[in-house]
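quick one: sequence plus predicted model below, questions after.
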Amino acid sequence: MPTAPLDTCYQIETPEGIDLPLRPAGLAPRALAYAFDLLARGVIMGILLVPLALLGNLGLGLGALLLFLVSWWYMVLFEVLNQGCSPGKQVMGLRVVQDDGTAIGWSASLIRNLLRFVDMLPFGYFFGAISCLQHPHFKRLGDLAAGTLVVYREQSLARPPLPQAAALRLPFALELSEQRAILGFAERQADLSAERVHELAAIVAAPLQVSPARAVEQLNGVARGLLGPT
Amino acid sequence: MKQSLFESRHQQQWQTFAEQLNQLERGKACEVTDFPYHYRRLCQHLALAQERGYSSYLVDRLQQLALRGHQQLYRHRSQTTANVVAFILADFPRLVREQWRFVLIASLLFFGSLLGIALLVYLFPDLIYSIVSPQQVAEMQSMYDPAASRLGRAAERASSEDWMMFGYYVMHNIGIAFQTFAAGLLFGLGSVFFLVFNGLTIGAVSGYLSEIGYGQTFWSFVIGHGAFELSAIALAGAAGLQLGWSLIAPGPLARSESLRLAARKSVQMLCGVMVFLLIAAFIEAYWSSTTSIAPWIKYLVGSALWLLVAAYLIFAGRTRHAPD
(Lines give C-alpha, C1' and ligand atoms only; values in the text may rest on other atoms or scores of the structure.)
Protein backbone atom coordinates (compact mmCIF):
# COMPACT_ATOMS: atom_id res chain seq x y z
CA MET A 1 0.00 0.00 0.00
CA PRO A 2 1.77 3.19 -1.12
CA THR A 3 1.41 6.13 1.25
CA ALA A 4 -0.43 9.19 0.00
CA PRO A 5 1.90 11.70 -1.60
CA LEU A 6 2.84 14.74 0.45
CA ASP A 7 0.47 17.18 -1.16
CA THR A 8 -1.75 20.09 -0.14
CA CYS A 9 -4.30 19.29 -2.82
CA TYR A 10 -7.90 19.60 -1.62
CA GLN A 11 -10.48 17.41 -3.36
CA ILE A 12 -14.11 18.39 -3.69
CA GLU A 13 -16.73 16.06 -5.05
CA THR A 14 -19.37 17.68 -7.23
CA PRO A 15 -23.00 16.51 -7.53
CA GLU A 16 -22.04 15.12 -10.94
CA GLY A 17 -19.84 12.62 -9.15
CA ILE A 18 -16.47 13.94 -10.26
CA ASP A 19 -13.59 14.98 -8.05
CA LEU A 20 -12.12 18.40 -8.64
CA PRO A 21 -8.78 19.33 -7.10
CA LEU A 22 -8.25 22.74 -5.49
CA ARG A 23 -4.81 24.00 -4.55
CA PRO A 24 -4.91 25.98 -1.28
CA ALA A 25 -2.44 28.86 -1.09
CA GLY A 26 0.00 29.11 1.80
CA LEU A 27 0.98 31.95 4.09
CA ALA A 28 3.57 33.67 1.90
CA PRO A 29 1.49 34.38 -1.25
CA ARG A 30 -1.46 35.39 0.91
CA ALA A 31 0.66 37.79 2.95
CA LEU A 32 1.99 39.33 -0.27
CA ALA A 33 -1.54 39.65 -1.65
CA TYR A 34 -2.62 41.37 1.57
CA ALA A 35 0.35 43.72 1.43
CA PHE A 36 -0.62 44.66 -2.11
CA ASP A 37 -4.21 45.31 -1.03
CA LEU A 38 -3.01 47.44 1.86
CA LEU A 39 -0.93 49.51 -0.54
CA ALA A 40 -3.84 49.81 -3.00
CA ARG A 41 -6.12 51.01 -0.21
CA GLY A 42 -3.56 53.56 0.89
CA VAL A 43 -3.28 54.87 -2.66
CA ILE A 44 -7.09 55.05 -3.08
CA MET A 45 -7.45 56.98 0.17
CA GLY A 46 -4.56 59.26 -0.74
CA ILE A 47 -5.98 60.12 -4.14
CA LEU A 48 -9.57 60.61 -3.02
CA LEU A 49 -8.90 62.45 0.21
CA VAL A 50 -7.07 65.35 -1.44
CA PRO A 51 -10.08 66.66 -3.45
CA LEU A 52 -12.40 65.81 -0.55
CA ALA A 53 -10.31 67.88 1.83
CA LEU A 54 -10.88 70.87 -0.43
CA LEU A 55 -14.64 70.48 -0.01
CA GLY A 56 -14.47 71.43 3.64
CA ASN A 57 -16.81 69.83 6.17
CA LEU A 58 -18.90 68.00 3.61
CA GLY A 59 -15.68 66.55 2.25
CA LEU A 60 -14.60 65.47 5.74
CA GLY A 61 -17.90 63.67 6.21
CA LEU A 62 -17.59 61.96 2.86
CA GLY A 63 -13.98 61.16 3.70
CA ALA A 64 -15.04 59.47 6.93
CA LEU A 65 -17.64 57.43 5.05
CA LEU A 66 -14.98 56.58 2.50
CA LEU A 67 -12.54 55.53 5.19
CA PHE A 68 -15.23 53.28 6.63
CA LEU A 69 -15.98 51.77 3.23
CA VAL A 70 -12.35 51.22 2.36
CA SER A 71 -11.32 49.77 5.70
CA TRP A 72 -14.28 47.41 6.24
CA TRP A 73 -15.83 46.80 2.82
CA TYR A 74 -12.98 46.88 0.30
CA MET A 75 -12.27 43.16 0.59
CA VAL A 76 -15.93 42.12 0.78
CA LEU A 77 -16.99 44.09 -2.28
CA PHE A 78 -14.10 42.87 -4.40
CA GLU A 79 -14.41 39.25 -3.31
CA VAL A 80 -18.12 39.01 -3.99
CA LEU A 81 -18.29 41.08 -7.16
CA ASN A 82 -15.00 40.01 -8.74
CA GLN A 83 -15.09 36.19 -8.69
CA GLY A 84 -13.42 35.94 -5.29
CA CYS A 85 -10.43 38.10 -6.18
CA SER A 86 -9.37 41.27 -4.42
CA PRO A 87 -6.79 43.18 -6.48
CA GLY A 88 -3.96 41.73 -4.39
CA LYS A 89 -5.23 38.19 -4.91
CA GLN A 90 -5.59 38.92 -8.61
CA VAL A 91 -1.96 39.92 -8.80
CA MET A 92 -0.82 36.85 -6.85
CA GLY A 93 -3.09 34.51 -8.85
CA LEU A 94 -5.31 33.61 -5.88
CA ARG A 95 -9.04 33.53 -5.26
CA VAL A 96 -11.40 32.81 -2.38
CA VAL A 97 -13.94 30.02 -2.69
CA GLN A 98 -16.30 28.26 -0.31
CA ASP A 99 -15.23 24.92 1.15
CA ASP A 100 -17.25 23.10 -1.50
CA GLY A 101 -15.63 24.96 -4.37
CA THR A 102 -18.55 27.29 -5.09
CA ALA A 103 -18.19 31.04 -5.45
CA ILE A 104 -18.09 33.05 -2.24
CA GLY A 105 -21.28 34.86 -1.16
CA TRP A 106 -22.00 37.99 0.86
CA SER A 107 -22.36 36.41 4.28
CA ALA A 108 -19.26 34.23 4.03
CA SER A 109 -17.16 37.11 2.74
CA LEU A 110 -18.48 39.40 5.46
CA ILE A 111 -17.64 36.84 8.16
CA ARG A 112 -14.11 36.17 6.96
CA ASN A 113 -13.31 39.85 6.58
CA LEU A 114 -14.87 41.00 9.86
CA LEU A 115 -12.99 38.32 11.75
CA ARG A 116 -9.78 39.64 10.19
CA PHE A 117 -9.77 41.87 13.27
CA VAL A 118 -9.14 38.81 15.46
CA ASP A 119 -6.57 37.40 13.05
CA MET A 120 -4.60 40.62 13.46
CA LEU A 121 -4.42 40.23 17.24
CA PRO A 122 -2.29 40.66 19.27
CA PHE A 123 -0.05 42.24 16.62
CA GLY A 124 0.80 41.81 12.93
CA TYR A 125 -1.56 38.94 12.05
CA PHE A 126 -0.10 36.71 14.77
CA PHE A 127 -3.20 34.56 15.37
CA GLY A 128 -3.96 34.43 11.67
CA ALA A 129 -0.44 33.29 10.84
CA ILE A 130 -0.42 30.60 13.56
CA SER A 131 -3.79 29.28 12.42
CA CYS A 132 -2.72 29.39 8.78
CA LEU A 133 0.52 27.52 9.43
CA GLN A 134 -0.97 24.71 11.49
CA HIS A 135 -4.05 24.08 9.32
CA PRO A 136 -3.73 21.46 6.55
CA HIS A 137 -5.43 23.82 4.11
CA PHE A 138 -3.86 27.05 5.38
CA LYS A 139 -7.02 28.59 6.85
CA ARG A 140 -6.84 31.60 9.11
CA LEU A 141 -9.46 32.04 11.83
CA GLY A 142 -11.79 34.02 9.59
CA ASP A 143 -11.66 31.27 6.98
CA LEU A 144 -12.48 28.65 9.62
CA ALA A 145 -15.58 30.52 10.74
CA ALA A 146 -16.77 31.41 7.25
CA GLY A 147 -15.96 28.01 5.72
CA THR A 148 -13.85 29.53 2.97
CA LEU A 149 -10.59 28.62 1.32
CA VAL A 150 -7.97 30.67 -0.52
CA VAL A 151 -6.84 28.72 -3.58
CA TYR A 152 -4.65 29.28 -6.59
CA ARG A 153 -6.58 30.39 -9.65
CA GLU A 154 -6.53 28.11 -12.66
CA GLN A 155 -3.70 29.04 -15.00
CA SER A 156 -4.27 28.50 -18.69
CA LEU A 157 -2.30 25.47 -19.85
CA ALA A 158 -0.12 25.35 -22.95
CA ARG A 159 -0.07 22.11 -24.88
CA PRO A 160 3.24 20.38 -24.08
CA PRO A 161 5.28 19.32 -27.11
CA LEU A 162 5.47 15.55 -27.51
CA PRO A 163 8.84 14.16 -28.57
CA GLN A 164 8.92 12.72 -32.07
CA ALA A 165 8.92 8.93 -32.25
CA ALA A 166 7.37 6.17 -34.32
CA ALA A 167 4.13 4.97 -32.69
CA LEU A 168 4.25 1.42 -31.39
CA ARG A 169 2.11 -1.02 -29.41
CA LEU A 170 3.34 -3.06 -26.50
CA PRO A 171 2.72 -6.82 -26.65
CA PHE A 172 1.09 -6.71 -23.17
CA ALA A 173 -1.76 -4.64 -21.71
CA LEU A 174 -0.93 -1.59 -19.57
CA GLU A 175 -2.69 -0.69 -16.36
CA LEU A 176 -4.39 2.69 -16.18
CA SER A 177 -1.78 4.15 -13.83
CA GLU A 178 1.04 2.87 -16.03
CA GLN A 179 -0.59 4.40 -19.07
CA ARG A 180 -0.89 7.75 -17.26
CA ALA A 181 2.72 7.52 -16.13
CA ILE A 182 4.02 6.91 -19.65
CA LEU A 183 1.96 9.77 -21.08
CA GLY A 184 3.14 12.00 -18.24
CA PHE A 185 6.73 11.04 -18.98
CA ALA A 186 6.32 12.05 -22.62
CA GLU A 187 4.50 15.30 -21.88
CA ARG A 188 6.97 16.49 -19.26
CA GLN A 189 10.11 15.49 -21.12
CA ALA A 190 10.80 19.04 -22.34
CA ASP A 191 11.09 20.23 -18.71
CA LEU A 192 13.66 17.61 -17.70
CA SER A 193 17.37 17.37 -18.43
CA ALA A 194 18.51 14.67 -20.86
CA GLU A 195 20.32 12.80 -18.07
CA ARG A 196 17.24 12.70 -15.87
CA VAL A 197 15.11 11.51 -18.79
CA HIS A 198 17.50 8.61 -19.38
CA GLU A 199 17.67 7.81 -15.69
CA LEU A 200 13.87 7.63 -15.44
CA ALA A 201 13.46 5.60 -18.61
CA ALA A 202 16.15 3.14 -17.52
CA ILE A 203 13.96 2.09 -14.57
CA VAL A 204 11.49 0.41 -16.93
CA ALA A 205 14.07 -0.85 -19.45
CA ALA A 206 13.86 -4.44 -18.16
CA PRO A 207 10.05 -4.88 -18.37
CA LEU A 208 10.11 -3.27 -21.83
CA GLN A 209 12.84 -5.74 -22.83
CA VAL A 210 15.09 -3.10 -24.39
CA SER A 211 18.57 -1.85 -23.52
CA PRO A 212 18.59 1.12 -21.12
CA ALA A 213 19.99 3.31 -23.91
CA ARG A 214 16.93 2.74 -26.09
CA ALA A 215 14.35 2.96 -23.30
CA VAL A 216 13.54 6.67 -23.88
CA GLU A 217 12.79 6.13 -27.52
CA GLN A 218 10.70 3.08 -26.69
CA LEU A 219 8.64 4.94 -24.10
CA ASN A 220 8.04 7.88 -26.41
CA GLY A 221 6.87 5.46 -29.07
CA VAL A 222 4.45 3.85 -26.62
CA ALA A 223 3.15 7.31 -25.63
CA ARG A 224 2.61 8.17 -29.30
CA GLY A 225 0.79 4.90 -29.75
CA LEU A 226 -1.46 5.58 -26.76
CA LEU A 227 -2.27 9.09 -27.91
CA GLY A 228 -3.17 8.04 -31.41
CA PRO A 229 -2.44 9.77 -34.71
CA THR A 230 -2.31 13.57 -34.49
CA MET B 1 -10.98 5.43 -28.33
CA LYS B 2 -7.58 7.03 -28.80
CA GLN B 3 -7.00 10.33 -27.04
CA SER B 4 -6.33 12.30 -30.22
CA LEU B 5 -9.61 11.18 -31.76
CA PHE B 6 -11.47 12.02 -28.55
CA GLU B 7 -9.86 15.46 -28.52
CA SER B 8 -10.55 16.29 -32.13
CA ARG B 9 -14.15 15.12 -31.79
CA HIS B 10 -14.96 17.32 -28.76
CA GLN B 11 -12.51 20.20 -29.13
CA GLN B 12 -15.20 22.47 -30.57
CA GLN B 13 -17.58 21.80 -27.66
CA TRP B 14 -14.92 22.57 -25.09
CA GLN B 15 -14.08 25.81 -26.79
CA THR B 16 -17.73 26.87 -26.83
CA PHE B 17 -17.99 25.99 -23.17
CA ALA B 18 -14.89 28.04 -22.35
CA GLU B 19 -16.39 31.02 -24.17
CA GLN B 20 -19.62 30.63 -22.22
CA LEU B 21 -17.59 30.60 -19.01
CA ASN B 22 -15.81 33.79 -20.00
CA GLN B 23 -19.14 35.49 -20.57
CA LEU B 24 -20.59 34.28 -17.29
CA GLU B 25 -17.52 35.38 -15.35
CA ARG B 26 -17.88 38.83 -16.86
CA GLY B 27 -21.49 38.85 -15.65
CA LYS B 28 -23.28 38.53 -18.98
CA ALA B 29 -25.56 35.69 -17.99
CA CYS B 30 -28.32 36.56 -20.46
CA GLU B 31 -26.24 35.70 -23.51
CA VAL B 32 -25.59 32.14 -22.37
CA THR B 33 -28.09 29.40 -23.18
CA ASP B 34 -28.09 25.73 -22.22
CA PHE B 35 -25.26 26.18 -19.76
CA PRO B 36 -26.23 23.27 -17.45
CA TYR B 37 -26.41 20.93 -20.42
CA HIS B 38 -22.96 21.92 -21.62
CA TYR B 39 -21.59 21.66 -18.11
CA ARG B 40 -22.90 18.14 -17.56
CA ARG B 41 -21.53 17.06 -20.93
CA LEU B 42 -18.13 18.41 -19.96
CA CYS B 43 -18.31 16.50 -16.67
CA GLN B 44 -19.02 13.35 -18.61
CA HIS B 45 -16.03 14.01 -20.87
CA LEU B 46 -13.86 14.53 -17.83
CA ALA B 47 -14.99 11.28 -16.27
CA LEU B 48 -14.33 9.45 -19.53
CA ALA B 49 -10.89 11.02 -19.90
CA GLN B 50 -9.95 9.98 -16.36
CA GLU B 51 -11.33 6.48 -16.76
CA ARG B 52 -9.55 5.88 -20.06
CA GLY B 53 -6.23 7.10 -18.70
CA TYR B 54 -5.77 10.03 -21.07
CA SER B 55 -2.80 12.31 -20.53
CA SER B 56 -2.54 14.81 -17.70
CA TYR B 57 -2.65 17.75 -20.07
CA LEU B 58 -6.14 16.83 -21.26
CA VAL B 59 -7.45 15.81 -17.83
CA ASP B 60 -6.10 18.96 -16.18
CA ARG B 61 -7.64 21.16 -18.82
CA LEU B 62 -11.03 19.48 -18.49
CA GLN B 63 -10.76 19.70 -14.71
CA GLN B 64 -10.16 23.44 -14.92
CA LEU B 65 -13.17 23.90 -17.14
CA ALA B 66 -15.31 21.75 -14.85
CA LEU B 67 -14.18 23.70 -11.80
CA ARG B 68 -15.02 27.03 -13.40
CA GLY B 69 -18.35 25.65 -14.56
CA HIS B 70 -19.09 24.33 -11.08
CA GLN B 71 -18.47 27.77 -9.62
CA GLN B 72 -20.87 29.33 -12.08
CA LEU B 73 -23.62 26.75 -11.77
CA TYR B 74 -23.78 26.17 -8.03
CA ARG B 75 -24.34 29.00 -5.58
CA HIS B 76 -25.06 29.23 -1.89
CA ARG B 77 -28.31 30.99 -1.43
CA SER B 78 -27.39 34.29 0.08
CA GLN B 79 -29.45 34.63 3.23
CA THR B 80 -28.66 38.18 4.18
CA THR B 81 -29.49 39.88 0.92
CA ALA B 82 -32.32 37.60 -0.13
CA ASN B 83 -35.07 39.96 0.89
CA VAL B 84 -34.18 43.12 2.71
CA VAL B 85 -37.75 44.06 3.59
CA ALA B 86 -38.59 40.65 5.05
CA PHE B 87 -35.33 40.71 6.98
CA ILE B 88 -36.04 44.08 8.57
CA LEU B 89 -39.73 43.46 9.23
CA ALA B 90 -39.55 39.93 10.57
CA ASP B 91 -36.34 37.94 10.35
CA PHE B 92 -34.09 40.22 12.36
CA PRO B 93 -36.34 40.59 15.43
CA ARG B 94 -37.06 36.87 15.25
CA LEU B 95 -33.36 36.15 15.25
CA VAL B 96 -32.85 38.43 18.24
CA ARG B 97 -35.62 36.63 20.15
CA GLU B 98 -34.25 33.25 19.15
CA GLN B 99 -30.87 34.24 20.62
CA TRP B 100 -32.43 35.82 23.70
CA ARG B 101 -29.95 34.22 26.09
CA PHE B 102 -26.96 35.87 24.45
CA VAL B 103 -28.88 39.13 24.05
CA LEU B 104 -29.76 39.06 27.73
CA ILE B 105 -26.19 38.37 28.84
CA ALA B 106 -24.75 41.02 26.53
CA SER B 107 -27.34 43.56 27.67
CA LEU B 108 -26.66 42.82 31.31
CA LEU B 109 -22.93 43.22 30.79
CA PHE B 110 -23.24 46.41 28.79
CA PHE B 111 -26.12 48.23 30.47
CA GLY B 112 -25.19 46.84 33.88
CA SER B 113 -21.66 48.22 33.75
CA LEU B 114 -22.98 51.43 32.22
CA LEU B 115 -25.58 52.14 34.88
CA GLY B 116 -23.45 50.85 37.73
CA ILE B 117 -20.48 53.05 36.96
CA ALA B 118 -22.73 56.01 36.14
CA LEU B 119 -24.21 55.80 39.62
CA LEU B 120 -20.80 55.37 41.24
CA VAL B 121 -19.31 58.33 39.38
CA TYR B 122 -22.36 60.41 40.19
CA LEU B 123 -21.79 59.69 43.87
CA PHE B 124 -17.97 59.85 43.78
CA PRO B 125 -17.03 62.17 40.85
CA ASP B 126 -13.28 61.63 41.28
CA LEU B 127 -13.72 58.07 40.12
CA ILE B 128 -13.94 59.28 36.54
CA TYR B 129 -10.21 59.94 36.40
CA SER B 130 -9.47 56.27 36.90
CA ILE B 131 -11.54 55.41 33.81
CA VAL B 132 -11.25 58.32 31.41
CA SER B 133 -8.12 60.41 30.89
CA PRO B 134 -8.28 64.01 32.21
CA GLN B 135 -7.81 65.33 28.69
CA GLN B 136 -10.88 63.49 27.46
CA VAL B 137 -12.86 64.65 30.48
CA ALA B 138 -12.05 68.24 29.61
CA GLU B 139 -13.05 67.60 26.01
CA MET B 140 -16.40 66.12 27.04
CA GLN B 141 -16.96 69.01 29.41
CA SER B 142 -16.51 71.63 26.69
CA MET B 143 -18.66 69.58 24.31
CA TYR B 144 -21.70 69.49 26.54
CA ASP B 145 -21.30 72.93 28.01
CA PRO B 146 -24.86 74.33 28.22
CA ALA B 147 -23.55 77.55 26.66
CA ALA B 148 -22.63 75.88 23.36
CA SER B 149 -25.12 76.35 20.54
CA ARG B 150 -24.83 72.92 18.92
CA LEU B 151 -23.91 69.66 20.51
CA GLY B 152 -21.90 66.62 19.67
CA ARG B 153 -18.25 65.86 19.36
CA ALA B 154 -17.35 69.43 18.38
CA ALA B 155 -18.14 72.45 20.49
CA GLU B 156 -19.65 74.84 17.97
CA ARG B 157 -21.14 73.37 14.88
CA ALA B 158 -22.72 74.96 11.87
CA SER B 159 -25.37 72.98 10.01
CA SER B 160 -22.91 72.13 7.22
CA GLU B 161 -21.03 70.11 9.82
CA ASP B 162 -23.94 67.71 10.20
CA TRP B 163 -22.66 65.88 7.16
CA MET B 164 -19.21 65.59 8.58
CA MET B 165 -20.52 64.25 11.86
CA PHE B 166 -22.77 61.75 10.07
CA GLY B 167 -19.76 60.29 8.30
CA TYR B 168 -17.78 60.28 11.51
CA TYR B 169 -20.53 58.54 13.49
CA VAL B 170 -20.99 55.87 10.82
CA MET B 171 -17.30 55.08 10.73
CA HIS B 172 -16.71 55.25 14.47
CA ASN B 173 -19.80 53.44 15.72
CA ILE B 174 -19.98 50.65 13.17
CA GLY B 175 -16.26 50.13 13.67
CA ILE B 176 -16.87 49.63 17.42
CA ALA B 177 -19.75 47.24 16.72
CA PHE B 178 -17.60 45.20 14.30
CA GLN B 179 -14.80 45.00 16.86
CA THR B 180 -17.17 43.92 19.59
CA PHE B 181 -18.51 41.18 17.34
CA ALA B 182 -15.21 39.93 15.93
CA ALA B 183 -13.48 39.77 19.29
CA GLY B 184 -16.10 37.20 20.30
CA LEU B 185 -14.09 34.63 18.41
CA LEU B 186 -11.69 34.56 21.37
CA PHE B 187 -14.09 32.26 23.26
CA GLY B 188 -16.40 35.21 23.82
CA LEU B 189 -13.90 36.97 26.07
CA GLY B 190 -13.22 39.74 23.56
CA SER B 191 -16.89 40.62 23.31
CA VAL B 192 -17.23 40.66 27.08
CA PHE B 193 -14.23 42.98 27.27
CA PHE B 194 -15.55 45.43 24.67
CA LEU B 195 -19.07 45.39 26.15
CA VAL B 196 -17.80 46.17 29.64
CA PHE B 197 -15.18 48.62 28.38
CA ASN B 198 -17.68 50.63 26.33
CA GLY B 199 -20.24 50.40 29.13
CA LEU B 200 -17.75 51.75 31.66
CA THR B 201 -16.61 54.63 29.44
CA ILE B 202 -20.07 55.76 28.45
CA GLY B 203 -21.42 55.28 31.97
CA ALA B 204 -18.58 57.17 33.61
CA VAL B 205 -18.93 60.13 31.27
CA SER B 206 -22.69 60.32 31.68
CA GLY B 207 -22.48 60.06 35.47
CA TYR B 208 -19.82 62.75 35.60
CA LEU B 209 -21.63 65.18 33.30
CA SER B 210 -24.85 64.76 35.28
CA GLU B 211 -22.99 65.42 38.49
CA ILE B 212 -21.42 68.68 37.36
CA GLY B 213 -24.76 69.97 36.15
CA TYR B 214 -24.49 69.43 32.42
CA GLY B 215 -27.14 66.74 32.65
CA GLN B 216 -29.74 68.64 30.68
CA THR B 217 -27.60 69.16 27.58
CA PHE B 218 -26.07 65.69 27.76
CA TRP B 219 -29.17 63.59 28.30
CA SER B 220 -31.31 65.49 25.82
CA PHE B 221 -28.52 64.94 23.29
CA VAL B 222 -28.03 61.24 23.79
CA ILE B 223 -31.53 59.97 24.50
CA GLY B 224 -32.67 60.05 20.86
CA HIS B 225 -29.98 58.09 19.09
CA GLY B 226 -29.03 56.14 22.21
CA ALA B 227 -32.04 53.88 21.65
CA PHE B 228 -30.52 52.58 18.46
CA GLU B 229 -26.84 53.00 19.21
CA LEU B 230 -26.68 51.37 22.63
CA SER B 231 -28.97 48.48 21.74
CA ALA B 232 -26.90 47.95 18.58
CA ILE B 233 -23.72 47.62 20.62
CA ALA B 234 -25.42 45.16 22.96
CA LEU B 235 -26.66 43.13 19.98
CA ALA B 236 -23.22 43.13 18.35
CA GLY B 237 -21.86 41.83 21.65
CA ALA B 238 -24.57 39.16 21.68
CA ALA B 239 -23.51 38.07 18.19
CA GLY B 240 -19.91 37.87 19.38
CA LEU B 241 -20.88 35.87 22.47
CA GLN B 242 -22.72 33.46 20.21
CA LEU B 243 -19.51 32.88 18.26
CA GLY B 244 -17.55 32.30 21.43
CA TRP B 245 -20.15 29.97 22.93
CA SER B 246 -20.14 27.83 19.79
CA LEU B 247 -16.46 27.17 20.54
CA ILE B 248 -16.89 26.62 24.27
CA ALA B 249 -19.91 24.30 24.01
CA PRO B 250 -20.20 22.94 20.48
CA GLY B 251 -22.66 20.23 21.52
CA PRO B 252 -22.72 17.19 19.25
CA LEU B 253 -20.87 19.00 16.43
CA ALA B 254 -17.17 19.38 15.76
CA ARG B 255 -15.90 22.77 16.95
CA SER B 256 -15.16 23.96 13.43
CA GLU B 257 -18.62 22.98 12.20
CA SER B 258 -20.34 24.54 15.19
CA LEU B 259 -18.37 27.75 14.63
CA ARG B 260 -19.36 27.85 10.99
CA LEU B 261 -23.06 27.52 11.80
CA ALA B 262 -22.88 30.12 14.56
CA ALA B 263 -20.98 32.53 12.33
CA ARG B 264 -23.66 32.33 9.68
CA LYS B 265 -26.36 33.20 12.22
CA SER B 266 -24.41 35.91 13.96
CA VAL B 267 -23.47 37.70 10.76
CA GLN B 268 -27.19 38.10 10.06
CA MET B 269 -27.57 39.66 13.46
CA LEU B 270 -24.71 41.97 12.57
CA CYS B 271 -26.49 43.11 9.41
CA GLY B 272 -29.38 44.22 11.60
CA VAL B 273 -26.91 45.97 13.87
CA MET B 274 -25.55 47.89 10.90
CA VAL B 275 -29.04 49.09 9.99
CA PHE B 276 -29.54 50.20 13.60
CA LEU B 277 -26.26 52.10 13.60
CA LEU B 278 -27.01 53.85 10.32
CA ILE B 279 -30.30 55.05 11.79
CA ALA B 280 -28.50 56.07 14.97
CA ALA B 281 -25.87 58.05 13.05
CA PHE B 282 -28.60 59.80 11.10
CA ILE B 283 -30.51 60.77 14.25
CA GLU B 284 -27.33 61.77 16.03
CA ALA B 285 -26.17 64.05 13.23
CA TYR B 286 -29.43 65.69 12.27
CA TRP B 287 -31.75 65.55 15.28
CA SER B 288 -29.82 65.12 18.51
CA SER B 289 -27.40 67.95 17.80
CA THR B 290 -29.93 70.73 17.29
CA THR B 291 -30.47 72.97 20.29
CA SER B 292 -33.40 74.93 18.92
CA ILE B 293 -35.78 72.20 20.06
CA ALA B 294 -36.85 72.28 23.68
CA PRO B 295 -35.35 69.55 25.83
CA TRP B 296 -38.73 68.19 26.87
CA ILE B 297 -39.60 67.45 23.23
CA LYS B 298 -36.29 65.66 22.86
CA TYR B 299 -36.97 63.61 25.99
CA LEU B 300 -40.39 62.76 24.65
CA VAL B 301 -39.15 61.73 21.20
CA GLY B 302 -36.21 59.88 22.74
CA SER B 303 -38.45 57.87 25.04
CA ALA B 304 -40.73 57.10 22.11
CA LEU B 305 -37.72 55.82 20.16
CA TRP B 306 -36.66 53.57 23.06
CA LEU B 307 -40.19 52.18 23.20
CA LEU B 308 -40.16 51.75 19.45
CA VAL B 309 -36.92 49.75 19.51
CA ALA B 310 -38.16 47.58 22.37
CA ALA B 311 -41.52 46.99 20.70
CA TYR B 312 -39.82 46.22 17.41
CA LEU B 313 -37.49 43.66 18.90
CA ILE B 314 -40.19 42.04 21.02
CA PHE B 315 -43.23 42.05 18.76
CA ALA B 316 -42.17 42.36 15.11
CA GLY B 317 -42.52 39.19 13.06
CA ARG B 318 -44.63 37.34 15.62
CA THR B 319 -47.41 36.50 13.20
CA ARG B 320 -46.98 33.27 11.36
CA HIS B 321 -47.41 34.82 7.94
CA ALA B 322 -45.12 37.75 8.32
CA PRO B 323 -45.13 40.17 5.39
CA ASP B 324 -42.67 38.77 2.91
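Looks like it came in fine.

now for residue A:208, how many residues are close by?
16 (other C-beta atoms under 10 Å in any protein chain shown). (Glycine included, C-beta is placed from N, CA and C.)

actually, residue A:81.
12.

quick one: pLDDT of it?
Residue A:81 is assigned a predicted lDDT (pLDDT) of 87.

likewise residue B:203?
pLDDT, the model's per-residue confidence, is 88 for residue B:203.

correct me, but it touches residue B:115?
Yes. Between residue B:203 and residue B:115 there is a contact at 6.4 Å, judged by C-beta atoms under 8 Å.

and those two? Which one has more around it.
Under the neighbour definition other C-beta under 10 Å, residue B:203 and residue B:115 were set side by side, and residue B:203 has more, 24 against 14.

next, that one: secondary structure please.
helix (DSSP: H, G, I helix; E, B strand; the rest coil).

quick check: it vs chain A, distance?
Distance of residue B:203 to chain A, computed by C-beta to the nearest C-beta, to the nearest Å: 24 Å.

separation between that residue and residue B:73?
Plainly put, residue B:203 is 53 Å away from residue B:73 if you go by C-beta to C-beta, to the nearest Å.

so what's the closest residue to chain B within chain A up against?
Here chain A gets closest to chain B at one residue, residue A:228, 2.7 Å apart by C-beta to the nearest C-beta. For residue A:228, the contacting residues are B:2, B:3, B:4, B:5, by C-beta atoms under 8 Å, 6 or more residues apart in numbering or on different chains.

excluding covalently adjacent residues, which one is nearest to it?
The shortest distance from residue A:228 to any non-neighbouring residue, by C-beta to C-beta, 6 or more residues apart in numbering or on different chains, is to residue B:2 (2.7 Å).

run a quick neighbour tally on the one you found.
Neighbour tally, residue B:2, other C-beta under 10 Å: 15.

tell me the contacts of it?
Counted by C-beta under 8 Å, 6+ apart, residue B:2 has contacts A:226, A:227, A:228, A:229.

I'd guessed the last one sits against residue A:167; true?
Yes. The pair residue A:229 and residue A:167 qualifies as a contact (C-beta under 8 Å) at a distance of 7.5 Å.

break chain B into its domains for me.
Following automatic domain parsing, one gets these domains for chain B: B:3-73, B:84-315.

got the contact list for the helix or strand where residue A:219 lies?
Assigned by DSSP states H and E, residue A:219 belongs to helix A:215-227. Helix A:215-227 has contacts (C-beta under 8 Å, 6+ apart) with A:162-170, A:174, A:179, A:182-183, A:185-187, A:189, A:197-198, A:201-202, A:204-205, A:208, A:210, B:2-4, B:53, B:55.

which of these are buried?
Neighbour-count burial (16 or more other C-beta atoms under 10 Å in any protein chain shown) applied to the contacts of helix A:215-227 gives A:162-163, A:165, A:170, A:179, A:182-183, A:185-187, A:189, A:197, A:201, A:204-205, A:208, A:210, B:3-4, B:53, B:55.

among the residues you listed, which ones are in helices?
A:179, A:182, A:183, A:185, A:186, A:187, A:197, A:201, A:205, A:208, B:3, B:4 (DSSP state H).

can you pull the contacts of the residue nearest to residue A:159 when sequence neighbours are not counted?
The shortest distance from residue A:159 to any non-neighbouring residue, by C-beta to C-beta, 6+ apart, is to residue B:57 (6.4 Å). With contact taken as C-beta under 8 Å, 6+ apart, residue B:57 is in contact with A:157, A:159, A:160, A:187.

rewinding a little: which single one of the contacts of residue A:228 is nearest to chain A?
Looking across the contacts of residue A:228 and measuring by C-beta to the nearest C-beta, the closest to chain A is residue B:2, at 2.7 Å.

what pLDDT does the residue of the stretch 51-200 of chain B found nearest chain A get?
When scored by C-beta to the nearest C-beta, the stretch 51-200 of chain B has residue B:167 as its residue closest to chain A, at 3.3 Å. At residue B:167, the predicted lDDT confidence score is 74.

check whether the lowest-mean-pLDDT helix or strand in chain A comes into contact with chain B.
None of the helices or strands of chain A scores lower by mean pLDDT, DSSP states H and E than helix A:57-68, at a mean of 78. Yes. For helix A:57-68, a contact with chain B is found by C-beta under 8 Å from any C-beta of the partner chain, at A:57, A:58, A:60, A:61, A:62, A:63, A:64, A:65, A:67, A:68.

mind checking which of these are buried?
Buried residues within those, counting neighbours by 16+ other C-beta under 10 Å: A:57, A:60, A:61, A:62, A:63, A:64, A:65, A:67, A:68.

the fourth one reaches residue A:55, doesn't it?
Just to be clear, that refers to residue A:62. Yes. Assessed by C-beta under 8 Å, residue A:62 is found in contact with residue A:55 at 7.2 Å.

just the buried residues of stretch A:15-34, please?
Under the neighbour-count criterion of 16+ other C-beta under 10 Å, stretch A:15-34 has A:16, A:18, A:20, A:22, A:23, A:24, A:25, A:29, A:30, A:31, A:33, A:34 buried.

identify the farthest-apart pair in those.
A:16 and A:31 (35.6 Å; C-beta to C-beta).

which residues in the stretch 51-200 of chain B form helices?
Counting by DSSP state H, counting those that start in this stretch, the stretch 51-200 of chain B has helices at residues B:56-73, B:84-86, B:92-98, B:100-123, B:134-143, B:161-182, B:189-211.
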